[in-house]
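S.K.: A structural model of the following input is requested.
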Amino acid sequence: MNRNDTIFTEQLLPCGKTIPNRLVKVAMYEHLSSIPGGPPNDFHYELYSAWSKHDWGMIVTGNVQVSKQHLTLGRDMVVPKVLTIQTFQPFQRLAQVMHGDQHSQSLAIMQLSHAGRQSSNILGGRLPFVSPLGPSAVRFGHSKRSEGVISNIFHRLLFQTPKAMSSADIDNVVSEFVRGASLALQSDFDGVQLHVAHGSQFLSPKSNTRTDEYSYHSLLLLSRIVNAIREVVPRDFVLGIKFNTSDYSLFEESEAKVAQEERALTHLRQVVSWRTVDFIEISGGDYENPEFMLNSSSVTSAKNPRQAFFAHFSSKLMKELSSVTSSDQCAPLILLTGGLRSPAHLYTALRSDHAHLLGLGRASVLCPNLPSVLKRRRAAEADLSSDVTPFKPEPDLRFWPSGREPWRCIRRHFPKVKLIGAGVGMAWYVVMIRRLAKERIRRPDYNIGGLGAITKMWVWIDAPELQQTNSISLAIYVLMLVLMWYLYLGSRSFLFDSH
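M.R.: I've put the predicted structure just below:
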């Protein structure tokens, strides 16, 4: 076998469906829908057509929220409250776009999410300062008090203390995820991915302080959702899970680290034992400790040449799965996401048995035709396994050259608000996603810096609601701009460390 063939070998999922190659366009935050949330629109269709033309093995949508009252920043796709021919038609068109032409074999996966306590004030789909639902009444950002008054004020402005979910609330959430899976099925998606990462579910001891069965059995809610979905979908319907290693504090250097890793592995062993899950994506970071939102260059080091943030944990999980024989079709595939920035990184992750599937998020925006490029280079007999050249450079999101910041002497005396710095990177990629969707321009605009990215993300003149003569939508949009500019520019001295 050609040494370059490992990326393009087919992968069989436990449900019986085949992924044509190992390259997965993973979910990203898109910020493309109308406010306050809604179905996919022309921007989504154009965006996903840019990916579907280039033979990705699997394409996963951005968050599709199962609850309209629990959005992230207001522009999420949302599962309709009632499923009718009219309400699922936009999603059906999205699935058609993701599947591409008749020669494409890419799988189209809808990511289902419930933002929980991380649903923001104002833009979260509720009236101002109405509490979101969460596992417990633990406010988001509560663990960051040690970072100072500014950080605490920022988190209090953005996030309300959640209401601890009752049994009825939990039953309703299960029903919402089932409705989302039914939407995906009726819309001709190949399956769904459950977003249980980044602190939004019951797995994290930071947010789950309950004393009932959902504390003692922290996987209970996830188990109920998985089982309920399996009851209403056919056997070959793909069901994946996005799992978060940072819910177990894996990046903390402490004596408890080994115990936390074992706790995480125990959870994943239980998920595997259900024999109902097709793939598990290993991710990391939540919005209180947002490694997954930062630039790769800011969280990787020379000690990690593969720059795969979570390879250490996924490799342990792969060893656990090795005990399941290859003839057993019930072992889920492991999808590794984070820091895979060059061909050599991809091959090293595979050779080291860190994953079955390779997840690319930001790289898919910088280089949407990546599978096609790699195939052409393979045909030319290039040695991809030793090529450490990044697919594309990452942006420099500093507001000014190092050492020239106007408030350098002031900001050093204040704590950093990590969420803001991480949000600058997110904003830049949102702007690039919109360029890809509207103008079909594959070349990133590196002239856009941190401040420009934030401005363009929030001041979106092509926003869907602005194309309609709806005074209420316009009023909401203007209010949103005022609030977000207040929050961002009021804390702008902390934005300089985003790179």
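S.K.: pLDDT below threshold where in the stretch 101-250 of the chain?
M.R.: By pLDDT under 70, the weakly predicted segments of the stretch 101-250 of the chain are 140-156, 197-201, 245-250.
S.K.: where along it do the helices fall?
M.R.: 149-158, 167-186, 213-216, 220-230 (DSSP state H, counting those that start in this stretch).
S.K.: what about Pro39, how many residues close to it?
M.R.: Residues within reach of Pro39, counting by other CB atoms under 10 Å, total 20. Where C-beta positions appear, they are placed from N, C-alpha and C, glycine not excepted.
S.K.: no wait, Lys319
M.R.: Residues lying near Lys319 (other CB under 10 Å) number 11.
S.K.: A strand includes it, no?
M.R.: No - applying DSSP: H, G, I helix; E, B strand; the rest coil, one finds Lys319 to be helix, outside a strand.
S.K.: apart from its chain neighbours, what residue comes closest to it?
M.R.: Spatial nearest neighbour of Lys319, chain neighbours left out: Asp353 (7.7 Å); criterion: CB to CB, 6 or more residues apart in numbering.
S.K.: can you give me the distance of the one you found to His345?
M.R.: 15 Å (CB to CB, to the nearest Å).
S.K.: re earlier: surely the residue nearest to Lys319 touches Met318?
M.R.: Yes - between Asp353 and Met318 there is a contact at 5.1 Å, judged by CB atoms under 8 Å.
S.K.: compare these two (neighbour count), which wins?
M.R.: Met318 (18 against 15).
S.K.: contacts only, for the more buried one.
M.R.: 334, 353-356 (CB atoms under 8 Å, 6 or more residues apart in numbering).
S.K.: most neighbours out of those, which is it?
M.R.: Result: Ala355 is most packed of the contacts of Met318 (other CB under 10 Å), 28 neighbours.
S.K.: what's the burial count for the residue lying closest to Ala181 once chain neighbours are set aside?
M.R.: Once flanking residues are discounted, Ala181 sits nearest to Ile229: 4.4 Å by CB to CB, 6+ apart. Per other CB under 10 Å, the neighbour tally for Ile229 reads 24.
S.K.: against Ala184, how distant is Ile229?
M.R.: With CB to CB as the criterion, Ile229 and Ala184 are 10 Å apart.
S.K.: what is in contact with those two at once?
M.R.: When CB under 8 Å, 6+ apart defines a contact, the residues bordering Ile229 and Ala184 alike are Val192.
S.K.: now do the buried residues in stretch 215-231.
M.R.: 218-219, 221-222, 224-226, 229-230 (16 or more other CB atoms under 10 Å).
S.K.: now do stretch 7-27
M.R.: Judged by neighbour count using 16+ other CB under 10 Å, the buried positions of stretch 7-27 are 7-8, 11, 13-15, 17, 19-27.
S.K.: wait, a helix at the residue nearest to Lys319?
M.R.: No - counting by three-state DSSP, Asp353 falls outside a helix, being coil.
S.K.: and it, what does it touch?
M.R.: By CB under 8 Å, 6+ apart, the neighbours of Asp353 are 315, 318-319.
S.K.: do the same with Ser131
M.R.: Contacts of Ser131 (CB under 8 Å, 6+ apart): 160-163.
S.K.: leaving out chain neighbours, which residue sits closest to it?
M.R.: Nearest to Ser131 is Lys163, by CB to CB, 6+ apart, at 4.4 Å.
S.K.: any idea how far Thr266 is from that neighbour?
M.R.: Distance from Lys163 to Thr266, by CB to CB: 29 Å.
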